[in-house]
Each structure stands twice: as C-alpha cells, then as structure tokens.
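Asker: Make a model of this:
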Amino acid sequence: MRVAIRTLKKAQKFAIDLDDGADVARLKDLVAAELGLASGDDVKLVWKGKLLRNGKVGELGLPAPGDTRFVVAYPKPSTRKKSPVKPLSAKRTRAVISSTEIKNSSNSKQRSVKIAKEEEFDKPRDHQPNTTTNIQTTESKEAKELSRLMEMIVLELRGTPDSGGNGNDRSISIRVLRPISKMFESAATRYLKDPRVHEWIAKGLRSRDAAISGGVSRLLTTCLKNNGKQAATLLFSSREVLRAIIAAICDYDIEVSAPAGLLLSEISSWCNGTLKLFCDDKYVYDAIKEETFSEVRFRILELGAKMAMIAVDGPDDYLASDIFKTVVKIAKRGPSNTDPLAWPNSLEIIGEAMRTAEGFDIVMSSKRLFDVILFDFNGRGEPLSVKNKLTVVHHLALASRRSAQYDWLSELDFVASSSSTSESRIVSAVLQACEDGMKSFDDTTKAMAAHGICLLTTCLKDFLFHKQHELQSGEDEKLSMRTSQKKSPSFQRLHKELTAVADIAAENISGPARVASLVGLAHVFGNEMERPSDKSTESRESKDFGLSDEKNRTISEGLTNDPLEEVWKGLSRRVGMSVISRSIQSPFEDVAGSAYTYLRNAASHLWGLEQIALTPGFIETLLDRHNGAGTSPQASEWRFATLQALAATLKRNARNKEILERLVDKPTQERLLEFVSRGPYWSARAAPQVKVATASRTQ
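Answerer: Okay, here's the model as predicted:
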C-alpha cells in the first residue's frame, strides 16, 4: 500500500510504500528517512487533526497518493550533539584574509579561490553575491561595518541545523542573534535596506532551531515597536521575509509560531495589504485544513481574527477569506466528541471577529450564524445542551457590547418603535436558555445562566441609554418607554430572572453561582464614575441640538439618569446591604472580591449611597482600616475603590446638600474624604519617644 505525505513548512509531497501489515512506527521511520532525519522519533504525523502514535497503518484509513487529502508531517526540532570542530572566528578569518592578500606568489590565484570558498555565503546557487573578501576602498564606513557584521553571521549560519552543519545549538543561537541585535539597536532602518539582511532574516526564520527562529521574530518585533512605520515598510517590501514569517507561523512548534504571529500582527498595524497576503497564502490555506493538527489550525485561525482587529486596512479582507469561512463552518457544525475543543474555540474566534460593527453585522445577517446554531440542529442530530446554549449567549451578548451593536435587540417589544408585541426569535431563545439554566441543580450551569442574564440585561440597558440620548424632547418618550416596560411580556420574563439572580446573591453561601450573581449585578448597575459628566453632556447636547441653556440643562439631567434605575434599586433592596456588609468579611477571597465589586458600583449611584447610609454601622466599618473587612493589600484596594465611589457620589450631588447631610452627617463626610486623600495603605504612626534608662548602684 502507498500513503500520501505532505509537509506544510516547505510544501514537500511524496508517497511512502509500505507492507500491508506495517505499523505507524515503520511509517514514521520511512518518512524520517525521506526528510533526511535520523529516526522516526524526529517526525510527528498528523491525520484528521490527531497525532498518529501506534496501530496498524491499514486500519487507519490513510489517504493514497491520488486522494485530495494527505497525512501531514511535522519535523521535530532537532537535538544534535556538540560538534568537536568549532566554527572559525571572525577575527581569525580576517587575519587569514589579510595575510593571503599581502603575499604575491605564483599560487595567489589558487589561494584566493580557496579563501572565497571558505567565506562563501550559504545562499542558493542562483544568487551568489561577492563576499567581504574583496571590500572596495570606496565603501563607506557604514558599509564596511555591515560587511563585518554579515561576515560574522555567515560564519555562524554555516553551522546552523538548516544548513546541515553540526554544532552546539544554544551557543550558535547566541552568536547568531548577538550581531543582528547590535545592528538593530544602532540603526535598524538603515540595515533593513540591505538585501543581505533580508536574506539572513528569512534564513533565520526558516531555521529548525526554535531559539534562532523565535529570536529573530522577537528582535524584529522590538525593532518595529522602536522604529515604527519605516521599519515595517522595509520588511513588508521583501516578499521573501513575509513568506518566511508566514511559514514560521504555520510551524508545529509554538515557540516558533507565536513570536512570528506577533511580528506579522505588528506589520499589519502599519502596512496595507498584510492581512490579505496572510489570508491568501498557500501555507495558511493548507494549515487550516481538517487534516492538520488541531492546535496548529486554531492557532492560525485565532491569529487571523486578532490581526483583523488591528490591521490598518480594516477587517474586510479577513471576513471575506477562507480562514473566516472555516471558523464559521466549524461553529455551525456544533460540538464534536472527536475534538471537544473545536467548537468552543471557534466561538471564541468569532467573538474576536465581532468586535467591530462590520464583523458583527456580517455574522448576524449574511452568515446567520446564531440562527443556525440555536435552531438548525438537523445536521448535528440533536439540539444543543443548556451549557452550550449559555456559551452562545455569552459570546453573542459580549460581542454586542464590545461593538456597540444592538440592532438585534430592536425587535423586543419594550424597546421597539413599532407597536408589535412579537418577540425576536433569537432573543426569545436566549431568554429561554437562561431560564432553563436557572432551573438547573448544577452550580456551574446556574452560574453561567446568571452571568448570561446579567450580560443580556447590560446590553438592553446600553441600548436604552443610547436610544434615550437620541431623543430630543426627553420626558414624554422616556415616560412612554417606562410604561411599556411594565406591560411587556419580555420585560416581565427578564425581570423575573433578575429577581432570581438577586436571590442567589443574597444567599449566605459560597460558590460559582453566587459569585457570578454578585459580579453580574454589579455590571448591571454600572459604575456612574465611568460616564461623562453633566458639563460635558450639556455642552455636547447644546452643540448638537442648538437648545437654550435652560432647556438643555433639563434634558441633560434626564439623560444622565438610568432608564431602569427603579429596577436596579429594587434588586439592590432584595439583596440587602446587610448581606453585603457580611460578605466583604468572608474568608473566601472570591466571595469578598465579588461583594466589593457589587458594593463599589452600587456606591457610585445616589440610591446606592442611600442604602449604604441606612445600613447601621456600614460606613463606620468601611472607614475603620483595622477591622475585619479585610486588612490584606487586596482588600485594602477594594475598600479604597468603594470609598472613592462614595466620595465621587457626594461630590457629584453636592448641590443636594440637605439630602446628603440627612444621609451622611458632615463629620462622617469629612472623614471619608480624608480617608480617600490618604490612599489605601495609610496607617497612623505614633510619635517617636525617647526612653531614659536609669541605673542603680549597689553598695
């Protein structure tokens, strides 16, 4: 039988002849011999995303040479013994060159030929430029310096694994990287114009030694960060370098591919066309096929999504590429038992792609991804489980917040401009998934459901806040919105689940569900300190709408109010500040941290200040630096952030002086402001005293 083999890095294709009863070990030995490796242990074979470890070859269904599929071969980073022959040093080589040129004997031609062979660049036969043996006297000082450095590099590259030499890998790596590092530190953009440097970079990136390949990528990344667009343009102009970077990204070894990915991302942030070049490359196309190793495939798929977010020419090329189509295909296929990480990883990548408005619209409209995942399960054989549905809810709501795209919520009857009472299909499925999760007896599932409900509510709150900013007359529309909320079936369903989340947060237990409920409610309340001030809002509204100061002040005051503030106040009362005051003293760090997060966001609102002030002894507990509310550095920072929020609320509502003094008396306000001014770690120190020692003389 014959088996089709292919390598991704150098795109080698060949067939291996085997006996019918041969095993995987025999196949690896033959592949290693074909690639010029020592043994089968130096190569890894991947078929359908999995490593071939043992078993009979005939039972694995491996592809024949005529098949479109293939077994992928990944050469391992080689481990060689230290060579007894050390490479010739640059100083000694220059001495040999000088002494040979001075002599004028009859054998000078033969000697020159011998020296030229010793100093020959390790380059393809079709490209053999003259070496540094014949340096012209008209060369500048910079050219001579570059020639000497390149001479050192060439001597060391002769012993690298890629050129077939033997040597100590670590010492070679250091000696090769040191001169190029020196070049980049002194004048990187000047040296990057030389084609010899481009050739060295490409050779270093393609080296099988991970220390050399990864070291070159890291040096170039540092060079781009220090020199900016000019250095990026010089690298982008060399197709040889770009191909070597992409080949390193597709490498099996993460120590090679990860630095190369960061390097290409840095180039894409400066140069147009980098993302398209990456998406259209044949190496990348072969590496994302199902036959390749799943870890390598998803590493490349994730890199494409991250590059699309920072590329200077935008995400359009990525969203139209085969890379993105592959991710969508995996997500639509649903969870798989053979590769359980493929589906959640694809959702993570799609979430990265949906960070922009363009990506969100394409996924929601043209791809109809979430419709297929939630409803079209005929191809999967069974519907999604509750946990998987909640995973979809998380990615959808989080992407909506990141991209500030809320059109998918517009069909909800309590935010739609029309009088229709029909619910959106997707939103209805999302609410149903959260309701099913809250009924689960599994604490992790209940935590996911609580997080999903709070994340969905935060999206709705942001949508209402933006919608309210678009209103010019203010109060009539806001009153109509609040009235429709009370009659809305969707709002009633959401409010019911939020009440269940508040009940979990009020329980005196520790676990993922309670922690998720406290943190989720904190995000629902929001931090008022992160919103624009009234003054900036007034100036913006006055400029946009051309209103008078008096009328504009009324509108801006209404705009700074949360449209669902009454709902948040009711949820906070249901949890109870007395419960929070006990939770911040919990010995479990996750419970105490989530309780402080809840308390900080509630304290940034006037209604939160009121509830804290009406809880007996709560403010005194927070102002005492040595009490049981936490004396660790982390607890001190949490408490300080809470008191900062309280101080900001007092300052923001300073014109309501009488109301504030009824809640927090003047001395307590002064103590609070003094606490914030001293920072989280201040401690009172006793004044130094002098002790006088007395001695008694014994007779």
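Asker: which stretches of the stretch 251-400 of the chain form helices?
Answerer: Along the stretch 251-400 of the chain, the stretches classed as helices by DSSP state H, counting those that start in this stretch are 254-268, 274-279, 282-287, 294-310, 316-319, 322-333, 342-353, 357-361, 369-375, 386-403.
Asker: any idea of the angle the helix or strand just after the longest one forms with helix 386-403?
Answerer: Following helix 386-403 in sequence order, the next helix or strand is helix 425-438 (DSSP states H and E). Following axes from the mean of the first three to the mean of the last three C-alpha atoms, to 10 degrees, one obtains 130 degrees for the angle between helix 425-438 and helix 386-403.
Asker: What average pLDDT does the helix or strand that helix 425-438 is followed by get?
Answerer: As assigned by DSSP H and E, the chain's next helix or strand after helix 425-438 is helix 443-469. Helix 443-469 comes out with an average pLDDT of 86.
Asker: quick one on the thing from earlier: can you put the helices of the stretch 251-400 of the chain in CSV and add mean pLDDT, distance to Gln644 and mean neighbour count?
Answerer: All C-beta atoms are positioned from the backbone trio N, CA, C, and that covers glycine. Compiled in CSV, the helices of the stretch 251-400 of the chain are given as follows (pLDDT from 0 to 100; distance: least, C-beta to C-beta, whole Å; neighbours: other C-beta atoms under 10 Å):
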stretch, mean pLDDT, distance to Gln644, mean neighbour count
helix 254-268, 93, 36, 23
helix 274-279, 92, 42, 23
helix 282-287, 88, 48, 19
helix 294-310, 89, 32, 21
helix 316-319, 88, 41, 22
helix 322-333, 89, 42, 20
helix 342-353, 90, 32, 21
helix 357-361, 86, 34, 19
helix 369-375, 81, 39, 19
helix 386-403, 91, 24, 21
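Asker: Kindly reformat the ones you listed as a markdown table containing distance to Leu52.
Answerer: Output for the helices of the stretch 251-400 of the chain, formatted as a markdown table (distance: least, C-beta to C-beta, whole Å):
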| stretch | distance to Leu52 |
| --- | --- |
| helix 254-268 | 20 |
| helix 274-279 | 29 |
| helix 282-287 | 18 |
| helix 294-310 | 14 |
| helix 316-319 | 32 |
| helix 322-333 | 22 |
| helix 342-353 | 19 |
| helix 357-361 | 37 |
| helix 369-375 | 32 |
| helix 386-403 | 30 |
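Asker: Nearest to Asp23, out of these?
Answerer: Checking the helices of the stretch 251-400 of the chain against Asp23 by C-beta to C-beta gives helix 294-310 as the closest, at 23.5 Å.
Asker: could I get that closest one in PDB with only the CA atoms?
Answerer: Output of helix 294-310 as PDB, limited to C-alpha atoms (Å, rounded to 0.1, in the frame of the first residue of the first chain):
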ATOM      1  CA  SER A 294      -6.000  20.900  15.500                       C
ATOM      2  CA  GLU A 295      -3.700  23.000  17.800                       C
ATOM      3  CA  VAL A 296      -1.800  24.500  14.800                       C
ATOM      4  CA  ARG A 297      -5.100  25.100  13.000                       C
ATOM      5  CA  PHE A 298      -6.800  27.100  15.700                       C
ATOM      6  CA  ARG A 299      -3.600  29.000  16.500                       C
ATOM      7  CA  ILE A 300      -3.700  30.300  12.900                       C
ATOM      8  CA  LEU A 301      -7.500  30.900  12.900                       C
ATOM      9  CA  GLU A 302      -7.200  32.900  16.100                       C
ATOM     10  CA  LEU A 303      -4.300  34.900  14.800                       C
ATOM     11  CA  GLY A 304      -6.400  35.900  11.700                       C
ATOM     12  CA  ALA A 305      -9.200  37.200  13.900                       C
ATOM     13  CA  LYS A 306      -6.800  39.200  16.100                       C
ATOM     14  CA  MET A 307      -5.000  40.700  13.100                       C
ATOM     15  CA  ALA A 308      -8.300  41.800  11.600                       C
ATOM     16  CA  MET A 309      -8.900  43.900  14.700                       C
ATOM     17  CA  ILE A 310      -5.600  45.900  14.500                       C
END
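Asker: Could you check the angle it makes with helix 254-268?
Answerer: Using the same axes, to 10 degrees, helix 294-310 lies at 20 degrees relative to helix 254-268.
Asker: hmm, back to that, out of the helices of the stretch 251-400 of the chain, nearest to Asn54?
Answerer: helix 294-310 (19.2 Å).
Asker: So for Arg69, which of the helices of the stretch 251-400 of the chain sits nearest?
Answerer: Nearest to Arg69 among these is helix 282-287; the distance by C-beta to C-beta comes to 11.4 Å.
Asker: Low-confidence stretches in the chain?
Answerer: Residue ranges of the chain with pLDDT under 70: 8-11, 77-188, 367, 376-381, 410-424, 467-488, 529-563, 627-631, 683-699.
Asker: For it, which segments are assigned as strands?
Answerer: Using DSSP state E, the strands assigned to the chain run over residues 2-7, 13-17, 43-47, 50-51, 71-75.
Asker: Can you add distance to Val31 and mean neighbour count and give those strands back as a markdown table?
Answerer: Below are the strands of the chain laid out as a markdown table (distance: least, C-beta to C-beta, whole Å; neighbours: other C-beta atoms under 10 Å):
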| stretch | distance to Val31 | mean neighbour count |
| --- | --- | --- |
| strand 2-7 | 6 | 19 |
| strand 13-17 | 6 | 14 |
| strand 43-47 | 5 | 21 |
| strand 50-51 | 13 | 13 |
| strand 71-75 | 5 | 22 |
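Asker: Mind checking the ones you listed for the one nearest to Leu390?
Answerer: The minimum distance between Leu390 and the strands of the chain falls on strand 50-51, with 28.6 Å, by C-beta to C-beta.
Asker: quick one: strands adjacent to the closest one?
Answerer: With DSSP bridges as the test, strand 50-51 is paired with strand 43-47 (antiparallel).
Asker: got the angle between the partner strand and strand 71-75?
Answerer: 160 degrees.
Asker: that older thread, I'd like the strands of the chain written out as a markdown table, with distance to Leu390 added.
Answerer: As requested, the strands of the chain are arranged in a markdown table below (distance: least, C-beta to C-beta, whole Å):
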| stretch | distance to Leu390 |
| --- | --- |
| strand 2-7 | 40 |
| strand 13-17 | 45 |
| strand 43-47 | 33 |
| strand 50-51 | 29 |
| strand 71-75 | 35 |
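Asker: Can you check which of those gets nearest to Ala595?
Answerer: Closest approach to Ala595 among the strands of the chain is made by strand 50-51 (45.2 Å; C-beta to C-beta).
Asker: Ramachandran coordinates for Met354?
Answerer: In terms of degrees, to the nearest 10, the main-chain angles of Met354 are phi -90, psi 10.
Asker: That one contacts Ala404, doesn't it?
Answerer: No - applying C-beta atoms under 8 Å as the test, Met354 and Ala404 come out as separate, 11.4 Å apart.
Asker: Who has more neighbours out of these two?
Answerer: Using other C-beta atoms under 10 Å as the criterion, Met354 and Ala404 rank with Met354 on top: 26 against 12.
Asker: contacting residues around the more buried one?
Answerer: By C-beta atoms under 8 Å, 6 or more residues apart in numbering, the contact list for Met354 reads Phe360, Val363, His395, Ala399, Arg402, Ser403.
Asker: Please consider this matter closed, and thank you.
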